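Novice: fold the following and give me the result.
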Amino acid sequence: MRKTINLIVLLLPFIAISQQILPEVERARVVDEILEDRFNNLLPKLMDETDLDMWVLISREYNEDPVLKTMLPATWLNARRRTIILFYRDKEKNTIDKLAVARYNIGKSIISAWDKDKEPNQWKRLMELITERNPEKIGLNFSKDHNIADGLDKTDYDEFMANLPKKYRSKVVSAEQLAVRWIETRTPREMTIFNQLTDITHDIIAEAFSEKVITSGVTTTTEVEWWMRQKVTDLGLETWFHPTVDVQRTSEALVGHLYSFSGRPDDEVIQQGDLLHCDFGITYLRLNTDCQELAYVLKPEETEAPSFLVNALYDGNRVQDFLTQNMVAGRVGNEILAKALQDAKDAGLRPSIYTHPLGTYGHSAGTTIGMWDAQGGVMKDDGENYPLNPNTAYAIELNATVNIPEWNRDIRIMLEEPGFFGEDGFRYINGRQTELLLIPRPKSHLGN
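Specialist: Residues are numbered from 1 along each chain as shown. Predicted coordinates:
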């Protein structure tokens, strides 16, 4: 197996990715420009829509609030000491204050409002800024229903409340709605980048599921997984989870869904006639992808995948269609899930849907549409009570169980593609898989 890995590494420099990947300095410029746009144009709108005129975020170094971490400039890899950010929205004057109760400016948009020589006590300075603005509500990041909106730790909460003047204590509320909207909402420029990011992801999967990487009877699933990890590193990118590759074949029965995530055998040799499945995502310019695609390993006499597998993929695409047709603004996740599952079942399909928000985080905040182990709907603390909002992105993740008489078994068509829900409805960010990848790729110029 060692020789196989060495061969794969040697091939790396000769494989092209269709999108340009920016050097670090250019990535930093883009990240900071996007942040500035979000602070100046998106945040005021979100504060108005969620009826919150003051938002206070507090973090200490290496223990960052997940929301505050998305607000740090490109050159800040972590918070510094105790970092406090205060946003104040004056809707009547159409202004927004973006202040740091910290020793430094936080990028271009958030200006330091604390001179430690004049006021040594950081908490006292924060309270001065609050009192000067006299807000109607003070939003803090605590939440039972959304983990990403629950980033304020107990120590900082206790310190904040102990220093807050009594007249303002009744005005403290959860900022969960604003926090989730900040995390889930994508701007037009971010969506342009998201398309490029997903295209790169598709290119890596297509290369991994090709004869450039896989030699049937030799290459193992584990080697393909590590090839994908190495490819991401060689491109100067990151991945937010370890890739997985698994096999379905005629001689084995369908196992439980958990098998796709945990318990798969290591170093399973890929054989001719196998149906391969991968789960893979990358991180670039502070966005994340999440894709699952399928490939078929041709037998010597084959130039295309068997029709029963082609038809099975079509059934998976139909489940996707029933889901995305039911993604309607204002519906909560459980409503979308129940309607999509019923529509698919009425069409004779055996669906399972577990779609999640995607963007700043891989498993992001927003509308949860099922979980693989909760097909009857998810609980409140998993996002059930949160409506589908425009300008949000999702991993359209699901499967269809299909009986294959030729193999005397069921198989599971597992698919996942990044999608965008906008003012005009749903679209895939960079298309979706509608044809099986073939290994090796047929050479059309050669006859029988």
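Novice: break this structure down into its domains, please.
Specialist: Using automatic domain parsing, the domains assigned to the chain come out as 2-20+186-439, 53-174.
Novice: ok, which stretches of the stretch 51-200 of the chain are helices?
Specialist: 66-69, 122-133, 154-163, 166-169, 176-184, 188-208 (DSSP state H, counting those that start in this stretch).
Novice: quick one: low-confidence ranges for this protein?
Specialist: The chain contains residues with pLDDT under 70 at 1-16, 78, 255-265, 380-385, 444-448.
Novice: quick one on the thing from earlier: quick one, which of the domains of the chain is nearest to Leu43?
Specialist: Closest approach to Leu43 among the domains of the chain is made by domain 53-174 (6.6 Å; C-beta to C-beta). All C-beta atoms are positioned from the backbone trio N, CA, C, and that covers glycine.
Novice: between the two ends of that closest one, how far is it?
Specialist: Distance across domain 53-174, first residue to last, is 12 Å (C-alpha to C-alpha, to the nearest Å).
Novice: same check, this time on stretch 204-219
Specialist: One end of stretch 204-219 to the other measures 17 Å (C-alpha to C-alpha).
Novice: and the contacts of it?
Specialist: 1, 4, 8, 11, 15, 17, 224, 227-228, 231-232, 245, 269-272, 274, 276, 278, 280, 282, 291, 293, 295, 297, 437, 439-441 (C-beta atoms under 8 Å, 6 or more residues apart in numbering).
Novice: residue contacts, the nearest residue to Glu238 once chain neighbours are set aside?
Specialist: Closest residue to Glu238 apart from its sequence neighbours, by C-beta to C-beta, 6 or more residues apart in numbering: Thr283 at 4.4 Å. Counting by C-beta under 8 Å, 6+ apart, Thr283 makes contact with 237-240, 362.
Novice: now do Glu128
Specialist: Contacts of Glu128 (C-beta under 8 Å, 6+ apart): Glu119.
Novice: try Ser109
Specialist: 35-36, 39-40, 98.
Novice: can you check Ile130 too?
Specialist: 54, 56, 86, 138, 164-165, 168.
Novice: I'd like those as JSON lines, with distance to Met47 and neighbour count appended.
Specialist: What follows is these, written out as JSON lines (distance: C-beta to C-beta, whole Å; neighbours: other C-beta atoms under 10 Å):
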{"residue": "Met54", "distance to Met47": "9", "neighbour count": "25"}
{"residue": "Val56", "distance to Met47": "12", "neighbour count": "25"}
{"residue": "Leu86", "distance to Met47": "12", "neighbour count": "22"}
{"residue": "Ile138", "distance to Met47": "12", "neighbour count": "23"}
{"residue": "Leu164", "distance to Met47": "20", "neighbour count": "19"}
{"residue": "Pro165", "distance to Met47": "22", "neighbour count": "9"}
{"residue": "Tyr168", "distance to Met47": "18", "neighbour count": "17"}
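Novice: closest one of those to Asp424?
Specialist: Scanning the contacts of Ile130 for proximity to Asp424, where the rule is C-beta to C-beta, the winner is Met54, at 33.8 Å.
Novice: nearest spatial neighbour of the closest one, chain-adjacent residues omitted?
Specialist: Distances taken as C-beta to C-beta, 6+ apart put Pro135 closest to Met54, at 3.7 Å, once the chain neighbours are dropped.
Novice: pretty sure that neighbour sits against Tyr88.
Specialist: Yes - the criterion here is C-beta atoms under 8 Å, and Pro135 meets it with Tyr88 at 6.6 Å.
Novice: joint contacts of the two?
Specialist: Common neighbours of Pro135 and Tyr88 (criterion: C-beta under 8 Å, 6+ apart): 53-54.
Novice: can you give me the buried ones in stretch 342-350?
Specialist: Counting neighbours by 16 or more other C-beta atoms under 10 Å, one finds that the buried residues in stretch 342-350 are 343-344, 349.
Novice: and stretch 199-212, by the same measure?
Specialist: Buried residues in stretch 199-212 (16+ other C-beta under 10 Å): 199-210, 212.
Novice: show me the helices in the stretch 251-400 of the chain, by range?
Specialist: 307-325, 333-346.
Novice: and Glu184, which of the ones you listed is closest to it?
Specialist: The minimum distance between Glu184 and these falls on helix 333-346, with 12.5 Å, by C-beta to C-beta.
Novice: could you say what helices and strands that closest one packs with?
Specialist: Using 3 or more C-beta pairs under 8 Å, 6 or more residues apart in numbering; DSSP states H and E, the elements in contact with helix 333-346 are helix 307-325, strand 351-353.
Novice: deepest in the core, which of these is it.
Specialist: strand 351-353 (a mean of 23; mean count of other C-beta atoms under 10 Å).
Novice: what sits against Glu301?
Specialist: Per C-beta under 8 Å, 6+ apart, neighbours of Glu301: none.
Novice: before we move on, what about the one 5 residues further on?
Specialist: When contacts are counted by C-beta under 8 Å, 6+ apart, Pro306 is found next to 296, 406.
Novice: how far away is it from Val224?
Specialist: As judged by C-beta to C-beta, to the nearest Å, Pro306 and Val224 stand 22 Å apart.
Novice: ok, Trp372 touching Thr355?
Specialist: No - taking contacts as C-beta under 8 Å, Trp372 lies outside contact range of Thr355: 10.5 Å.
Novice: more neighbours, the two?
Specialist: When Trp372 and Thr355 are compared for neighbours, Thr355 comes out ahead with 25 against 17, by other C-beta atoms under 10 Å.
Novice: check which helices and strands the strand or helix carrying Gln230 sits against.
Specialist: Per DSSP states H and E: Gln230 is located in helix 221-234. With contacts taken as 3+ C-beta pairs under 8 Å, 6+ apart, helix 221-234 sits against helix 2-11, helix 188-208, strand 244-248, strand 275-280.
Novice: swap the cut-off to 6 Å and go again
Specialist: Helices and strands touching helix 221-234, as assessed by 3 or more C-beta pairs under 6 Å, 6 or more residues apart in numbering; DSSP states H and E, comprise helix 188-208, strand 244-248.
Novice: need the CA coordinates for it. CSV is fine.
Specialist: Extracted in CSV, the C-alpha atoms of helix 221-234 (Å, rounded to 0.1, in the frame of the first residue of the first chain):
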residue,chain,number,x,y,z
THR,A,221,-10.9,3.9,1.1
THR,A,222,-8.6,5.1,3.8
GLU,A,223,-5.9,6.1,1.2
VAL,A,224,-8.5,8.1,-0.7
GLU,A,225,-9.6,9.9,2.5
TRP,A,226,-6.0,10.9,3.3
TRP,A,227,-5.4,11.9,-0.4
MET,A,228,-8.3,14.4,0.0
ARG,A,229,-6.9,15.8,3.2
GLN,A,230,-3.4,16.1,1.7
LYS,A,231,-4.9,17.8,-1.5
VAL,A,232,-6.6,20.4,0.7
THR,A,233,-3.3,21.1,2.5
ASP,A,234,-1.3,21.3,-0.7
